[in-house]
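1. Based on what follows, work out the 3D shape:
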Amino acid sequence: MVVPEHLLRQLSQLHGQGVFSAVEAGRVGVSGPVLARWVARGIVLRVIHGWYVLAGEAGARPDRHDCVLAAVLAAYDGAVVASHHSALRMHGLPVFGCPDEVHVTHRRRPSIRIGRGYVVHAADPVAVASAHSVPAGALAAVPVAAALVQCGLRFGPVPLLVAGDAALLERRVAPPEIDEMVHSYAHAPGMAAVRRAVPLLDPRSESVGESLLRYALHLLGWAVESQYRPPGVARRCDMLLLGTRLVVEFDGMAKFTTGRAVDTVGATQAAVRSAVTSVFDRDEELAGRGLHVLHVTWRQLLDSDGTLRLADLRRRVRTRLAAIREQESQGAG
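-> Model prediction:
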């Protein structure tokens, strides 16, 4: 079967992320049976009921969350706006601890609707009143502050802290905006947990891993100073455990590659060796100033399901602190 390229291009330009509906395909002469054959051949992918997207080249498939979101927004024709973590993604912020399903909020309807792969929340005057278009396809989304609070209410403090730290660091939102949104949601169920989480936001946190590590230490009862710069040391440390001489460093893979990626793709062995050597040299420099360093990796911080490994982290920190006290007592003796 010959696929008319001009029809595919035309359909892909109708909405954000290249989604199109079966009705729109029919208008340009693509019947239901033809569309079904395209799906069977992998030329197009079914996104939600009645909506499709071009499959793309092998290895370059479109992001499913983005496609489902674009399809839902198009299907509701302006009646819904992206919200919760779906809005955070549109604003270009990191999302952690949220489901894969798309979340949108209706502008008027007072009831919730759950579809396959998406949730349409009941009308939320606080959020939708200030919804606006964002650069990602000029699709409507609630503001960053509203999305942060929504995530905190529905999914807990972790996604709020991860995205909130990044939003503050990148100046996508200001603290007064978050405070105002917290006040607007004052009587929403679950606001007590959100109020406890908001003061923990830290614009000095430079990565998702740092935000998660700082929160894990908070849960274990340890306060930290983020981006601590020891006297006489040029580079900052991720965090200092307050009241101690222990520096805690989160070691994501980006630290050992180019600093521009979160994996080792494209990193040369020489670059990795150089980065590792730099870390060792910095540890020695800190030791020369009486500081000790505990390195934490993704595997040491999180279980495979994304749960914080609090017991392991507590054990490692306590062991290191005990060793520091022992060393200091021997030095004093």
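
2. low-scoring pLDDT stretches of the stretch 101-250 of the chain, where are they?
-> The stretch 101-250 of the chain contains residues with pLDDT under 70 at 132-138.

3. run the last query once more with 80
-> 126-139, 234 (pLDDT under 80).

4. Just the CA coordinates for stretch 101-108, please, in CSV.
-> Taking Å, rounded to 0.1, in the frame of the first residue of the first chain, the C-alpha atoms of stretch 101-108 are listed here in CSV:
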residue,chain,number,x,y,z
GLU,A,101,-1.1,9.1,32.9
VAL,A,102,-1.9,12.6,31.7
HIS,A,103,-3.8,15.0,34.0
VAL,A,104,-5.9,17.9,32.8
THR,A,105,-8.5,20.1,34.5
HIS,A,106,-11.8,21.1,33.0
ARG,A,107,-12.7,24.8,32.8
ARG,A,108,-16.4,24.3,33.7
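
5. residues of that stretch that come out buried?
-> Residues of stretch 101-108 classed as buried by neighbour count (16 or more other Cβ atoms under 10 Å): 101-107. In this view, the C-beta of every residue, glycine as well, is placed from N, C-alpha and C.

6. Could you work out the most separated pair of these?
-> Farthest-apart pair in the buried residues of stretch 101-108 is 101 and 107; separation 20.0 Å (Cβ to Cβ).

7. Just the ones of the buried residues of stretch 101-108 in strands?
-> 102-106 (DSSP state E).

8. count of residues packed around residue 21?
-> A total of 20 residues lie near residue 21 under the criterion other Cβ atoms under 10 Å.

9. Kindly report the same for residue 48.
-> Neighbours of residue 48 (other Cβ under 10 Å): 18.

10. which residue packs closest to it, ignoring adjacent ones?
-> Leaving out its chain neighbours, the residue that sits closest to residue 48 by Cβ to Cβ, 6 or more residues apart in numbering is residue 71, at 5.1 Å.

11. tell me the pLDDT at residue 299?
-> Note for residue 299: predicted pLDDT of 94.

12. Thanks a lot, see you next time.
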